[in-house]
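> Sequence and computational prediction follow.
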Amino acid sequence: MAQTNARALRGQLLDFIDDPAEVGAAASHRYHRDGLLVIEDGRIAKASDAQALLSELPPGTPVDEYPDCLIMPGLIDTHIHYPQTQVIASYGAQLLEWLQKYTFVEEEKFGDPAHAAAIARFFLDELLRNGTTTAAVYCTVHPASVEAFFAESERRNTRMIAGKVMMDRAAPAALTDTAERGYRDSKALLQAWHGRGRQLYAISPRFAVTSSEAQLQVAGTLLREHPGAYLQTHLAENHEEIATVRKLFPNAKSYTDVYDRCGLLGPRSIFGHCLHLADEELQRLSDTRSVAAFCPTSNLFIGSGLFDLARLRDPARPVRVSLATDVGGGTSYSMLRTAAEAYKVLQLQGQNLPALDAFYMMTLGNVRALGLEAEIGSLRVGSAADVVVLDPCATPAMAHRMATIGDDLEAILFVLMTLGDDRAVRATYVLGELAYAAP
Ligand code: GUN
Ligand code: ZN
């Protein structure tokens, strides 16, 4: 018989089976107050009540005990820039100035493969420290930045989506490619990395300000040639950006139409921000099953605007929505903090974000947005054991608040998302291996 590598985690098991906004709270999730997650060869073998499963566990199987913690599928970030770990917390500018003054300066450094490798290491450490096990990641224009990122992710066995930024104008010469080079370099990277182990490729034209029509067209060609690949870009984040795009593409009906005419919309296309869109643009995003990434800390920090979730979700033309940090425009690697800011952004507009909905978004919701639900995002038997262990009493303020709460799961989750951050992450597992443990 083949030898299996087994271990178990004991604690409060929580995962989602559907969207609480659609099926209601009770039908959306599974919860075992004293649960056992049995992992074999990196996959979930069993997930149920500990009392029932402990007696079946082969003698000698190691059990990691987390009695007062929630054991959940790893958190998912659908839009983040790994070259911006030293851009985060840059003062006083809105989007276009912020890009020129801070972001491009840092991204130029990724021409040096040693720098790219060092930052990729820091970045993946930081994601895992925050309980994020999968992300859709922008690299820089340099192919070596993509090589460095995927090599580091492959070393850790993390399921990551990433791609070379394409930009052929409105940026320093050291950061521009051409339509032709962008196509050739992206295609070579895609062929090398898409589907290699757990790595997946995202065709990544930065946005319509820095990509000519010719370059957006070749991005569309790439997507048609490789329908399993992703497409990620930015859309309608800032008013000055939108006015610039209107001037650059006078024949387009709208900003969304610029991408639409190049064949960039579709179910594997992730559009960061989507703050200032007309109804016809939302209709096209809905028709094509494109995804809008809600990046609350970034939208607040760069002063871009408030994401109108209820409007995007209008049942007449619902747009698929994901949640994301957008570091370094975003101010935290933590999806918990990101959910807390999403809650506040929605409060300002008279909308809600119940805790169950927020945790659904951070896990299965984002996984569905990425089309990866067959492999990750739940504690289903057979899923990859990418798991986060969250401690709702991680800080004195959290423990103090928790003292009033008892067994109310939704209240516990709300404390976690409102007061939690990296300090609430007790451990992170990747394919069943401990990838981070709190000190
Ligand atoms: N639009 C184009 N590039 C970027 C970027 O790096 N960050 C954000 N927030 N918006 C962008
Ligand atoms: Zn971004």
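Right, received. Where do you want to start? Ligands and ions are numbered 1, 2, ... in the order given.
> quick one, what contacts the residue of the stretch 301-439 of the chain found nearest ligand 2?
Nearest residue of the stretch 301-439 of the chain to ligand 2 (CB to the ion) works out as residue 326 at 4.5 Å. C-beta here means a position set from N, CA and C on the backbone, and glycine is covered the same way. Contact analysis of residue 326 by CB atoms under 8 Å, 6 or more residues apart in numbering lists 79, 80, 81, 272, 273, 293, 295, 297, 298.
> is it true that it lies in a helix?
No - counting by DSSP: H, G, I helix; E, B strand; the rest coil, one finds residue 326 to be coil, located in no helix.
> quick one: it and residue 279, what's the gap?
Distance, residue 326 to residue 279, using CB to CB, to the nearest Å: 25 Å.
> Just read off the phi/psi values of the residue nearest the centre of the chain.
Closest to where the C-alpha atoms of the chain average out (CA atoms, centre = their mean) is residue 77, at 1.5 Å. Note on residue 77: its backbone torsions stand at phi -120, psi 120 [degrees, to the nearest 10].
> and the host helix or strand of residue 71, what does it pack onto?
Taking DSSP states H and E as the definition, one finds residue 71 inside strand 63-73. The contact analysis (3 or more CB pairs under 8 Å, 6 or more residues apart in numbering; DSSP states H and E) places strand 63-73 against strand 6-16, strand 29-40, strand 387-390, helix 409-419, strand 425-430.
> Could you rerun that using 6 Å?
Counting contacts by 3 or more CB pairs under 6 Å, 6 or more residues apart in numbering; DSSP states H and E, strand 63-73 packs against strand 6-16, strand 387-390.
> and residue 200, which of the three is it?
Under three-state DSSP, residue 200 falls in the strand class.
> hang on, it packs against residue 161?
Yes - between residue 200 and residue 161 there is a contact at 4.5 Å, judged by CB atoms under 6 Å.
> sorry, back to before: just name the most buried of the helices and strands packed on strand 63-73.
strand 387-390 (a mean of 27; mean count of other CB atoms under 10 Å).
> what's the distance between that one and the middle of its chain?
In terms of CA atoms, centre = their mean, to the nearest Å, the centre of strand 387-390 is set 16 Å apart from its chain centre.
> average model confidence for the following helix or strand past that strand?
For strand 387-390, the following helix or strand on the C-terminal side (DSSP H and E) is helix 396-402. Mean per-residue pLDDT for helix 396-402: 98.
> for stretch 24-42, same thing?
98.
> Give the buried residues for it.
Residues of stretch 24-42 classed as buried: 28, 29, 32, 35, 36, 37, 38, 39, 40 (neighbour count, 16 or more other CB atoms under 10 Å).
> picking up where we left off before, mind checking the helices and strands packed on strand 63-73 for the one nearest to ligand 1?
strand 387-390 (25.2 Å; CB to the nearest ligand atom).
> which strands and helices sit next to the closest one?
If contacts are counted by 3+ CB pairs under 6 Å, 6+ apart, strand 387-390 sits against strand 63-73, strand 425-430.
> Note down every partner strand of that strand and its orientation.
strand 63-73 (antiparallel), strand 425-430 (antiparallel) (DSSP bridges).
> Residues of the stretch 251-400 of the chain that sit close to ligand 2?
Applying CB under 5 Å from the ion, we find that the stretch 251-400 of the chain lies next to ligand 2 at 272, 326.
> 6 Å - rerun?
Selection of the stretch 251-400 of the chain residues close to ligand 2 by CB under 6 Å from the ion yields 272, 326, 329.
> just the residues you listed now: which is nearest ligand 1?
The closest of these, once distances to ligand 1 are taken by CB to the nearest ligand atom, is residue 329, at 3.2 Å.
> Not counting sequence-adjacent ones, nearest residue to that closest one?
residue 298 (3.8 Å; CB to CB, 6 or more residues apart in numbering).
> swap in residue 38?
In space, residue 38 is closest to residue 46, 4.0 Å off (CB to CB, 6+ apart).
> Please apply the same query to residue 103.
residue 87 (5.2 Å).
> hang on, the one you found packs against residue 102?
Yes - applying CB under 6 Å, one finds residue 87 in contact with residue 102, separated by 5.2 Å.
> residues touching the residue in the stretch 101-250 of the chain that ligand 2 sits nearest to, list them.
Residue of the stretch 101-250 of the chain nearest ligand 2, by CB to the ion: residue 234 (5.6 Å). If you count contacts by CB atoms under 6 Å, 6 or more residues apart in numbering, residue 234 has them with 207, 272, 273.
> Also residue 98?
residue 302.
> what helix or strand is it on?
helix 95-98.
> before we move on, what SS does residue 115 have?
Secondary structure for residue 115, judged by three-state DSSP, is helix.
> Please verify my assumption that it contacts residue 106.
No - counting by CB under 6 Å, residue 115 stays clear of residue 106, with 9.8 Å between them.
> what residues does the stretch 151-300 of the chain put near ligand 1?
Within the stretch 151-300 of the chain, the residues that sit near ligand 1 (CB under 6 Å from any ligand atom) are 206, 207, 234, 237, 298.
> Residue 306 and ligand 1, how far apart?
Relative to ligand 1, residue 306 is positioned 15 Å away (CB to the nearest ligand atom, to the nearest Å).
> My error: substitute residue 60 in the last question.
Where ligand 1 is concerned, residue 60 sits at a distance of 49 Å (CB to the nearest ligand atom).
> swap in residue 334?
Taken as CB to the nearest ligand atom, the span from residue 334 to ligand 1 is 17 Å.
> what's the pLDDT at that residue?
99.
> For the remainder of this discussion, apply numbering that starts at 20.
Sounds good: first residue 20 from here, last item residue 353.
> Which residue or residues pair with the nearest residue to residue 213 once chain neighbours are set aside through a beta bridge?
Counting by CB to CB, 6+ apart, residue 220 is the residue found nearest to residue 213 once chain neighbours are left out, at 3.7 Å. Counting by DSSP bridges, residue 220 is bridged to residue 181.
> Residue 220 contacts residue 248, correct?
Yes - Residue 220 is within contact range of residue 248, at 5.0 Å (criterion: CB under 6 Å).
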